[in-house]
Structures are given as C-alpha cells and as structure tokens.
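> Turn this into a structure:
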Amino acid sequence: MREIIVEQLENRMRLDQYLMIQLQYSRSKVQRMLKEGYILVNDQVVKNSYLVKEQDRIVVKEYQEPQLTATPEAMDLDIVFEDDDVIVVNKPNGMVVHPAVGNTHGTLVNGLVYHAKNLSDVNGEFRPGIVHRIDADTTGLLMVAKHNRAHEVLARELEEKTTTRIYYALVWGVIFNDTGTIDAPIGRDPHDRKKQTVTATNSKDAVTHFKVLARYKRATLIELRLETGRTHQIRVHMNYIGHPVVNDPVYGRRKKFDNTGQCLHAKTLGFVHPTTGEYMEFDSELPPCFTNILEQLKQEE
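Numbers count the residues shown, from 1 in each chain. Below is the predicted model:
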C-alpha cells in the first residue's frame, strides 16, 4: 500500500492525471484501479474526474494486473513466408499486434496462435512469437519467431541494427529536400501518456532517414529507414518537422483525407535467417487504403 498526501498544486488537476504523473502508470491502469476500489481519496471511492486539492490523502492499494493469454482465433492471415523457424506476415490496417487489457480478441497474435502449433514464448504468453511490433494503424511486414532460439537471433539482429526495415509514408505538405535525417530524442508526452513526443526529458535517441519518392500538390510520398526503433518514431518525427502522416489518428491533422486508414506501411523487411544464415528480404504492395489516396492525389495534379 502507498499513501500520498497532496502538496502544493499550481493548478487543479483531475485525479487520474495526477496519479499518472505520481505513479508513472497508464491512464487506463489508474482508471481500472479507481473503478475497482484500489484507490481511495480521504477514505472514499471517487471518480477519475475528481479534482485533486491540497492535503488530500490518497491511498493506493496493491494491484495485480490481469493475466492475459492469447486465445486461438481463425483468421485469414497474409503469410508472406513460413518455415520451421520464422513467419513473415503482412499485417492489415486496424489490426492490433498482440492482446492487452480491454482488447483480448481479434489481434494478430490470436490469429498466429491458431495458425502455428509453436511460437516463441520469450515475451510471455500474450505476445508469443512477436519479435517486433508495428502500430495498429500501420500496415506491413512483421517477422515472427516459432521458437526461442530463432527469437533470440532475430531480436539480436534488431538490436545490432542489421535488420532491413523500409517504410513508405504519405505525409502532408511538400518536402523540398530530396533526402533528410531527423535526429531528435523521443520520450513519453508528459501531458498524455498514450502519446510520444520529441523531448530532452526522459527520452531516448531517435534517428529517422527519409527520401522523397514523389511530390503532389498537398502531400509527399517518402521512403523511410529507421536507425532506431522508438515507439511511434516515424509518426512523431514527421509531425515534429511539420509533415504529419496522412490520416494519422493521433499525431496527424484533425482533418483527414478520408476514412480509409493511416498512410504508413512497413514495405520491406530483410534479415539473416536464424538457422541457415542466409540473408532474406521480402517486399509488400501498398494496401488499398494507401493507393486509393495516391490515385486521388495524382488526379489533382
């Protein structure tokens, strides 16, 4: 159990926001704890919208996160390559990679568990086989490990930056430089824990290289290579330089091009096979949610 006595406040703040800062918990975790009675203010159960005031006594009881397991679900997965060690899958728009509290079904992992008899368990029961992730709204290629040895080899390649990962993105505005590098550290947004931002506080180095492929009247098609792999890196970096990804629901402009989906695609994936030692590279076509917008932009020229 933990007790917090609220000291001087510059501004009145919602309880969930205050505890996110004090406890370094996610908003969803704080809200679950409040709802289930694990957090009391002055010995009372209160709503997450309660406005904290000085000298409030907040008691936080020990809380055990719900244990998650991945339930097998039949899905029509786009398997690009598969052998006894590795699966390369092309993830569609809107599909979450692995289960989480409040979202335990319909994820890529649910489909993979149904599809494959064995997957690595390095990252636990609810992330079997997952070596790296891409956002739910990002489409494209992912490598999945069928056993722990393959997982460890592929994860080491990612850490040593020998994996090839090429993304295509359509971003708002015209980028006039043919190439560029964004070198700006990324950390959690102090005002919204669900978001990342460029910041010098509690951040990690982040480097993104881009090359212009085509320019349109109001958007630019670019190819990107990641030197680091921070959460939401491409989306944060492109927004930081004033060219957010088209239809990005978090870091993009409020006005979307349409409702077909975010225009960020993990197009090319290359790695050294964990058993044969052979370098393998896979490419994928841009999804319809991406190409439909490109066609509309071409007609505007």
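
> Tell me the helices and strands packed up against the helix or strand of the chain with the lowest mean pLDDT.
Lowest on mean pLDDT, DSSP states H and E among the helices and strands of the chain sits helix 27-35, with a mean of 82. Counting contacts by 3 or more CB pairs under 8 Å, 6 or more residues apart in numbering; DSSP states H and E, helix 27-35 packs against helix 15-23. (Each C-beta comes from the backbone N, C-alpha and C, glycine too.)

> Count the residues that sit near the closest residue to residue 6 other than its chain neighbours.
The spatially closest residue to residue 6, leaving aside those adjacent along the chain, is residue 56, at 4.3 Å (CB to CB, 6 or more residues apart in numbering). Residues near residue 56, counting by other CB atoms under 10 Å, number 18.

> How about residue 225?
15.

> How about residue 159?
Residue 159 has 10 neighbours, counted by other CB under 10 Å.

> Tell me the confidence at the residue nearest to residue 6?
pLDDT, residue 56: 90.

> Tell me which stretches of the stretch 151-300 of the chain form strands.
In the stretch 151-300 of the chain, the segments counted as strands under DSSP state E, counting those that start in this stretch are 164-172, 179-183, 186-189, 192-198, 203-204, 207-215, 219-226, 264-272, 279-283.

> Paired strands for the third one, with orientation please.
Pointing back at strand 186-189 there. Here strand 186-189 has these sheet partners by DSSP bridges: strand 192-198 (antiparallel), strand 203-204 (antiparallel).

> out of these, deepest packed?
With neighbours defined as mean count of other CB atoms under 10 Å, the strands paired with strand 186-189 peak in mean count at strand 192-198, which reaches a mean of 17.

> pLDDT averaged over that one - what is it?
Mean pLDDT, strand 192-198: 87.

> swap in stretch 201-221?
Per-residue scores along stretch 201-221 average to 95.

> Endpoints of it, how far apart?
In stretch 201-221, first residue to last residue: 31 Å (CA to CA, to the nearest Å).

> Can you classify the residue nearest to the spatial centre of the chain as helix, strand or coil?
A centroid search over the chain (CA atoms, centre = their mean) returns residue 135, at 3.7 Å, as the residue closest to the centre. Here residue 135 is recorded as coil under DSSP: H, G, I helix; E, B strand; the rest coil.

> Quick one: residues contacting it.
Contacts for residue 135 (CB atoms under 8 Å, 6 or more residues apart in numbering) come out as 232, 235, 262, 264.
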